[in-house]
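K.L.:
would you be able to build a 3D model of this:
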Amino acid sequence: MIKYFHRSLKGNKLEEQSKPQRGSWIYVEAPAKADISDLAKKFKLEPGYLEDAIDEDEMPRLEHEEGISYIFVRYAHAKDGEIDTSPLLIIFANEHIITVSPSHLPALDAFKRGRIAAATTQRAKLVLLILSQISDHYDTYINQTNRKIKAIRSRLRGQTITNQDLIDFVTIEDELNEFLASLLPNNATLRRLLVGRHIPLFEEDQDIVEDLLLNNEQSIEAIRSNLRSIANMRDAYSAISSNNLNRVLTILTVATILISVPSIAMGIYSLNIPLPFQHTQWIFWVVMGINFTLISIVLFVARKKRVI
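P.N.:
Numbering: from 1, shown residues only. As a prediction, this is how the structure comes out:
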């Protein structure tokens, strides 16, 4: 799908056009091979970079060839109930801004619906606004993940954590690692943009790039903090589980001893041989008294040693 949008500084809203004009934003979503070929010929682009843009595993980087800058970044989005990242190619051409993505990019909906007033004729400013939206989406998903971790941590305090929570830990950890793997090279791309050799930046634009770098650094630190929290909670849960298991085994061991003590005396007096005092009536109470005394001694020692 290819759409053409245009808005000048004096324009009231972003307008979709049937064909591009100078200063247009060319929005490309899930392009077919024929679309890639047409774009390359029409705007004198490198086809290889356009093909890289629809590769789901493409990593962020910055390329410059024949006066055209190719800015590869990755954006976060929800997919099948999970959070994933996908590549986005922003092309800073001589007269246009071209964005190419393998699927729908929610971060750009705010531009298309007019919620963000951006003039497509200000190409550098538009690129930075797109990067800002992508950064904001990362922050949103990181905050959602942080709330999930806090909810699981509160259940851990009450020792009501479940196996599903452990499965959620794995999912959250994968998402955070995916974010980290995307934001680190995104930051490297922003640093190269800050130099100003790939796209012209005014002083105000440089401030925006610096803010983006700072925001991404904070997001990276938040991700690392969440990963440490997950590791700590997993270790704590393992320690709690091991301690509970040890207590259960100890209680079972003490119970076994308590059962074994009277069983010895009962076993002896159940033998079919002559035994002392076997015909007396009071021997039963003597045996029970001895058993009770031995059981009391075992319980006292277990309490003293804090076994139970």
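K.L.:
what is the neighbour count of residue 118?
P.N.:
Per other C-beta atoms under 10 Å, the neighbour tally for residue 118 reads 20. Using the backbone N, CA and C atoms, a C-beta is placed for each residue, glycine as well.
K.L.:
quick one: contacts of stretch 199-213?
P.N.:
Stretch 199-213 has contacts (C-beta atoms under 8 Å, 6 or more residues apart in numbering) with 69, 92, 123-125, 127-128, 131-132, 135, 187, 190-191, 193-194, 196.
K.L.:
ChimeraX command to pick out the buried ones of these?
P.N.:
The ChimeraX selection below is limited to those of the contacts of stretch 199-213 classed as buried (16 or more other C-beta atoms under 10 Å):
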select :69,92,123,124,125,127,128,131,132,135,187,190,193,194
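K.L.:
specify the local secondary structure of residue 58.
P.N.:
coil (DSSP: H, G, I helix; E, B strand; the rest coil).
K.L.:
quick check: the gap between it and residue 70.
P.N.:
Per C-beta to C-beta, to the nearest Å, residue 58 is found 11 Å from residue 70.
K.L.:
so between the two, which is more surrounded?
P.N.:
residue 70 (24 against 19).
K.L.:
thought that one was touching residue 46?
P.N.:
Yes. Judged on C-beta atoms under 8 Å, residue 70 makes contact with residue 46 at a distance of 7.3 Å.
K.L.:
strands along the stretch 51-200 of the chain, start to end?
P.N.:
Secondary structure of the stretch 51-200 of the chain (DSSP state E, counting those that start in this stretch): strands at 61-65, 68-79, 82-92, 97-101.
K.L.:
got the contact list for the nearest residue to residue 165 once chain neighbours are set aside?
P.N.:
Using C-beta to C-beta, 6 or more residues apart in numbering and skipping the chain neighbours, the partner closest in space to residue 165 is residue 152 (5.0 Å). Residues near residue 152 by C-beta under 8 Å, 6+ apart: 161, 165, 168, 169, 233.
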